[in-house]
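give me coordinates for this.
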Amino acid sequence: MNAPATDPTFLVSIGVVARNEEARLPVTLASLLGQTLFARLAAQGGRAEIWCVANGCTDDTAGSANRVFRHAGRTHPQRAAFTARVRDLARPGKANAWNHFVHELSDSAARYLILMDADIRLHEPAALWNLVEALERDDRAQVAAGQPVKDIALKANPSLRERISLATSHMVSSRTSSAPIFCRAPPTPAACCMWPARRMSSKLTSPPATSSATRSGR
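Numbering: from 1, shown residues only. Just a heads-up that it's a prediction; the model follows:
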């Protein structure tokens with residue numbers, strides 16, 4: 001990729017939007033923290049920041065995220081290469097939470113922003129680094145998004161109902177793009193996507209309509 005071997009300015013800002021995800025959030029954050037992105041950034045002298053933006057929660061979503069982040073701060077092999085924090089917003093709404101992350105929380109020096117929902121799992125350890133590389137390879141690309149996969153697709157023996165659900169999803173996805181997306185202008189983001197931070201300026205007015213990676217219980 002085009003990034004130099006050592007680049008202390010290589011900063012990636014990650015926002016995880018969560019509402020009433022106390023139970024499922026630890027699984028999502030574990031899959032995030034298991035990404036090779038952090039080791040690759042550390043090897044280049046770069047770093048990452050993670051923000052979990054809880055919004056309008058009536059459970060202990062913020063506490064759940066804090067517990068995971070505190071543990072990672074003690075045990076993660078690349079803990080020196082990232083920070084992980086929680087912001088608990090009283091006002092609910094995905095668009096509000098993402099706007100708050102993009103315009104209020106993310107570091108202004110970030111080269112890329114990654115946004116993801118709190119009910120997905122990243123099964124491929126290199127998923128986020130692949131998104132980074134996609135944008136590094138093509139300076140014209142402004143957005144990269146992952147491919148959506150239902151959790152039942154990972155079952156060894158799905159039921160008849162689950163097989164019908166998967167077949168239906170396949171027919172729908174065949175009419176829409178489920179491959180990585182490269183856009184010249186930032187669209188309404190998917191459940192897990194990223195774009196160059198330097199090109200992000202406008203605010204979202206509606207919540208995302210598509211999904212990416214694997215959604216739990218969907």
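
quick one, strands of the protein?
Listed in chain order, the strands of the chain (DSSP state E) span 11-18, 47-55, 82-89, 112-117, 120-121, 144-145, 148-150, 192-196, 213-215.

for those strands, which one sits closest to A127?
A127 sits nearest to strand 213-215 of all the strands of the chain, at 7.1 Å, using CB to CB. (Each C-beta comes from the backbone N, C-alpha and C, glycine too.)

okay, and the helix or strand of this structure with the least pLDDT?
Taking mean pLDDT, DSSP states H and E as the measure, the chain has strand 213-215 as its least confident helix or strand, at a mean of 47.

one step back: okay if I get the strands of the chain as JSON lines plus mean neighbour count and distance to A95?
Rendered in JSON lines, the data for the strands of the chain read as follows (neighbours: other CB atoms under 10 Å; distance: least, CB to CB, whole Å):
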{"stretch": "strand 11-18", "mean neighbour count": "25", "distance to A95": "9"}
{"stretch": "strand 47-55", "mean neighbour count": "24", "distance to A95": "10"}
{"stretch": "strand 82-89", "mean neighbour count": "18", "distance to A95": "12"}
{"stretch": "strand 112-117", "mean neighbour count": "25", "distance to A95": "11"}
{"stretch": "strand 120-121", "mean neighbour count": "22", "distance to A95": "18"}
{"stretch": "strand 144-145", "mean neighbour count": "26", "distance to A95": "17"}
{"stretch": "strand 148-150", "mean neighbour count": "20", "distance to A95": "20"}
{"stretch": "strand 192-196", "mean neighbour count": "24", "distance to A95": "15"}
{"stretch": "strand 213-215", "mean neighbour count": "22", "distance to A95": "19"}
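
could you dump the ones you listed into a markdown table and include distance to R70?
Supplementary listing: those in a markdown table, determined by distance: least, CB to CB, whole Å:
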| stretch | distance to R70 |
| --- | --- |
| strand 11-18 | 16 |
| strand 47-55 | 12 |
| strand 82-89 | 9 |
| strand 112-117 | 21 |
| strand 120-121 | 21 |
| strand 144-145 | 31 |
| strand 148-150 | 30 |
| strand 192-196 | 24 |
| strand 213-215 | 25 |
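
minimum distance to N130: which of the ones you listed has it?
strand 144-145 (8.1 Å).

which intervals of the chain have sub-threshold pLDDT?
In the predicted model of the chain, residues 1-8, 141, 144-156, 158, 160-218 satisfy pLDDT under 70.

and if we set it to 80?
Within the chain, the set of residues satisfying pLDDT under 80 comprises 1-9, 139-218.

what comes into contact with stretch 81-98?
The contact list for stretch 81-98 (CB atoms under 8 Å, 6 or more residues apart in numbering) reads 15, 17, 19, 38-39, 41-42, 46-57, 61-62, 65-66, 69, 72-73, 76, 100-101, 105, 115, 117, 189, 203-208.

ok, now with 6 Å
Taking CB atoms under 6 Å, 6 or more residues apart in numbering as the criterion, the residues outside stretch 81-98 that touch it are 17, 38, 41-42, 47-56, 62, 65-66, 69, 115, 204, 206-207.
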